[in-house]
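# predicted model, plus sequence, below.
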Amino acid sequence: MEQNQLITINNLVKNFPIGKGKFTALNGINLTFKTGEFAGLVGPSGSGKTTLLNIIGSLDIPSEGYANVLGMNIGKLNIKNAAILRRLHLGFIFQTYNLLPVYSVYENVEFPLLLINMSASQRKKAVMDALDWVGLTDKIKSRPAQLSGGECQRVAVARAMVKKPKIVLADEPTANLDAANSHNILKMMMKLNEELKTTFIFATHDEKVIQYLKRKIKLEDGKIVKDEIIKTNKEL
Amino acid sequence: MIRFLFKGLLRDKTRSLMPILIVAAGVALTVLMYCYMTGVLGEMIETTANYSAGHVKIMTHAYKKNKAQVPNDLALLNVNELISKVQKDYPTLKIVKRINFGGLLDSPDETGETKKQGIVAGISIDLLSKNSKELDRLNIRDALRKGRFPEKSNEVLLSDQFADKLELGPGSKVTLITSTMYGAMSIQNFVVAGTIDFGMEMMDRSGMIADITGIQDALDMKNACSEILCFLESHTYDDLEAIDIEQSFNAKYSDINDEFSPVMSRLKNESMMSGYFDYIDNFVGILIFIFLFAMSIVLWNTGLIGGLRRYGEVGVRLAIGEEKGHIYRSMIMESILIGIVGSVIGTIIGLGFSYWIQEVGINIGGMIKDSKMMVPTVFRAKITDTAYYIGFVPGLFSVVLGTMLSGIGIYKRKTAQLFKELDT
Ligand SMILES: Nc1ncnc2c1ncn2[C@@H]1O[C@H](COP(=O)(O)OP(=O)(O)OP(=O)(O)O)[C@@H](O)[C@H]1O
Ligand SMILES: [Mg+2]
């Protein structure tokens, strides 16, 4: 395998059991990602975007084939090592934000750091930095219920970014946001992508997201039908 | 991390306050039930103790063997000496003499001819001594139906029903025909002072209560009696204390080879009672089991709903890189904490109510038209040592069990599946 690749996927197949038979959600995927990419899995609903993202995120395992993320073989990873991979190197952003409602903005962002050994002062600095990136330093004491949807998603971005992961996986991050907020979030992520060299992989069919992508991987019926690099959409 | 989770627990009332209240309510109920049952069942034991068994009872070996036949020919002799010795050995024991007797009761007409006749089952107690507690011990005061209490040794109380059957009332003369301790025929006249309601069929049919001195005269039992009943200072049966007394007494006074030597037998050894004690143990066990079961289902449900509600949280924590086992364990720890806090609160509340019922009692005397001698009218709870921790069994186990069961759903589910549920 190419060791300089961040993510390598070879002949990946994913089947889901359905009744007595099975449903093939991904069928023969070959894909590589390099550090610093800003890529998106696009395609119609049911094409397998989320399924692929879950496998990259070590939340699921391939049925056949091979998926290597940061040198780890996802299919062979035990629960413990999968958790370590996520804890140290992966950040997730969800369509529904999934902030913990009983915790403040500050605590939500701090949470990932509590799982890795970090001193209190380091932690504080990291949390404040992350909230600074997303422009929410004035809301650290608020609870998620007191925030707008756009603000919630910004907190979620800060939570994903706070530990400076190598890869951020975002599944439909703008589906619940209006246009202005969507553009805001995307611009913020682009900035982080450039400044911190974090790799972003999206799963989306939102045009607002797609126009920011530097690489578009189109899925249809569990197969890659198109994989294109886009060069000229920086100023939108 | 622990502090972080604890903070969340405190803030999320549906996860902390609600289950704590549910557990506390259940535990309070368990403690109260337990204390109440202990009290009521204990009361029944005390009734038996007061009526026939004592906490410990002294008889002769021979009498004990043939107890069912009320064999007064096998009675203890020189009982006053024996009692003063025993009283010296065990200064706190309350000691009383009893003689059970049977015979024919004859109700004569003016001419002395038999008008009516019936078989009588009597007990004789110390009715006349100034400091005798027997009237209270046997709950006779409230059970009086007609007439008054005996004031002389030839005055007796009859069962109200029995008196009716023999067409007797206060002031009537009766003749007791029985045999003396030495087998001779005994015919003795008594006067009915009053009638009482025993509340137990056998005694209501043919019961009689006489003063012990009168019966000692009638049965030629001077300084003899069939049974010596001893009561513990605490007024409640304590098996360990009773065993102690029983063993030391028998070691000192009893001689197996002499069937007229005294032998002590504790309440629990009375054949009828030992089954009863087992019954109580079983009963409490079943009670706890049912409660544990019911509470577990209730809390399992709460846990499941809470668990479903927490799929989001669990999903996020997994995504952030927490291990499933760690999440599961933290949920169990939470439930242990909630179980302990709820059990402590519930136990305090339960004990509070129990204490109230112990001190004040629930008086059903008003509901029952006439109170009866052998049926207690005031039900009291009783707080035993067990009451302090018994609530923790269902309190702790059911929450933890409920959480474990609901948590398994999360544990067994594929990680990606949790996300499906999380995103919808
Ligand atoms: N756990 C599962 N069991 C059975 N089938 C599944 C499961 N998860 C996904 N699928 C199926 O796999 C296919 C791909 O699902 P996936 O969620 O990856 O689609 P998607 O591209 O993310 O769609 P959308 O844009 O609607 O989110 C779908 O047809 C879906 O029904
Ligand atoms: Mg999807």
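Structure's in. What do you need? Numbers count the residues shown, from 1 in each chain, chains lettered A, B, ... in the order given. Ligands and ions are numbered 1, 2, ... in the order given.
# report the central residue of chain A.
In chain A, the residue lying closest to the centroid (CA atoms, centre = their mean) is residue A:169, at 1.0 Å.
# and the residue of the stretch 1-150 of chain B that's closest to chain A?
Taking CB to the nearest CB, chain A has its nearest neighbour within the stretch 1-150 of chain B at residue B:11, 4.2 Å off. C-betas here are computed from N, CA, C, even on glycine.
# my error: substitute the stretch 201-350 of chain B in the last question.
residue B:321 (2.5 Å).
# all helices for chain A, in order.
Taking DSSP state H, the helices of chain A run over residues A:49-56, A:79-89, A:105-114, A:120-133, A:149-161, A:179-196, A:207-210.
# quick check, distance from the longest one to the centre of its chain.
It stands for helix A:179-196. Remark: helix A:179-196 is offset 13 Å from the chain centroid, using CA atoms, centre = their mean, to the nearest Å.
# for that helix, which helices and strands make contact with it?
The criterion is 3 or more CB pairs under 8 Å, 6 or more residues apart in numbering or on different chains; DSSP states H and E, and the helices and strands that helix A:179-196 contacts are strand A:38-42, helix A:120-133, helix A:149-161, strand A:199-203, helix A:207-210.
# near ligand 1, which residues of chain A?
A:16, A:18, A:23, A:25, A:45-51, A:203, A:205 (CB under 6 Å from any ligand atom).
# what is the most widely separated pair among these?
A:18 and A:205 (23.7 Å; CB to CB).
# show me what contacts residue 65?
No chain in the question, so chain A it is. By CB atoms under 8 Å, 6 or more residues apart in numbering or on different chains, residue A:65 lies in contact with A:9, A:10, A:11, A:12, A:13, A:28, A:29, A:75.
# if you could check chain B rather than the one you did, that'd help
Going by CB under 8 Å, 6+ apart, the list of residues near residue B:65 reads residue B:259.
# then residue B:135?
By CB under 8 Å, 6+ apart, the contact set of residue B:135 is B:127, B:141, B:149.
# residue of chain A nearest chain B, please.
For chain A, CB to the nearest CB, closest residue to chain B: residue A:87, 2.5 Å.
# contacts only, for that residue.
The neighbourhood of residue A:87, defined by CB under 8 Å, 6+ apart, consists of A:112, A:115, A:116, B:320, B:321, B:322.
# now rank those by neighbours and give me the top one.
residue A:112 (29 neighbours; other CB atoms under 10 Å in any protein chain shown).
# excluding covalently adjacent residues, which one is nearest to that residue?
residue B:320 (4.7 Å; CB to CB, 6 or more residues apart in numbering or on different chains).
# likewise residue A:155?
residue A:105 (5.3 Å).
# now do the SS call for residue B:118.
Taking DSSP: H, G, I helix; E, B strand; the rest coil as the rule, one finds residue B:118 in the strand state.
# how many residues are close by it?
18.
# how much space between it and residue B:165?
As judged by CB to CB, to the nearest Å, residue B:118 and residue B:165 stand 6 Å apart.
# equivalent analysis for residue B:101, please.
19 Å.
# the two - which one has more neighbours?
The neighbour comparison of residue B:101 against residue B:165 (other CB under 10 Å) goes to residue B:101, with 22 against 15.
# next, the closest residue to that one other than its chain neighbours: phi, psi?
Closest residue to residue B:101 apart from its sequence neighbours, by CB to CB, 6+ apart: residue B:122 at 5.0 Å. Backbone dihedrals for residue B:122, given as degrees, to the nearest 10, come out at phi -120, psi 160.
# can you pull the contacts of residue B:122?
Applying CB under 8 Å, 6+ apart, the residues near residue B:122 are B:100, B:101, B:102, B:103, B:156, B:176, B:207, B:208, B:209, B:210, B:215.
# which ones among these lie within strands?
Within the contacts of residue B:122, residues falling in strands by DSSP state E are B:100, B:101, B:102, B:103, B:156, B:176, B:207, B:208, B:209, B:210.
# can you verify my assumption that the fifth one contacts residue B:207?
No: the pair residue B:156 and residue B:207 does not pass the contact test of CB atoms under 8 Å, sitting 10.4 Å apart.
# give the ranges of residues in chain A that sit below the confidence cut-off.
Within chain A, the ranges that satisfy pLDDT under 70 run A:1-4, A:232-236.
# near chain B, which residues of it?
Residues of chain A found near chain B (CB under 8 Å from any CB of the partner chain) are A:50-51, A:54, A:57, A:59-60, A:79-80, A:83-88, A:90, A:92, A:94-96, A:98-103, A:107, A:110-112, A:114-115, A:159, A:171.
# I'd like to know which of those are buried.
Using 16 or more other CB atoms under 10 Å in any protein chain shown as the burial test, the residues of chain A next to chain B include A:50-51, A:54, A:57, A:59-60, A:83-87, A:90, A:92, A:94-96, A:98-100, A:102-103, A:107, A:110-112, A:114-115, A:159, A:171 as buried.
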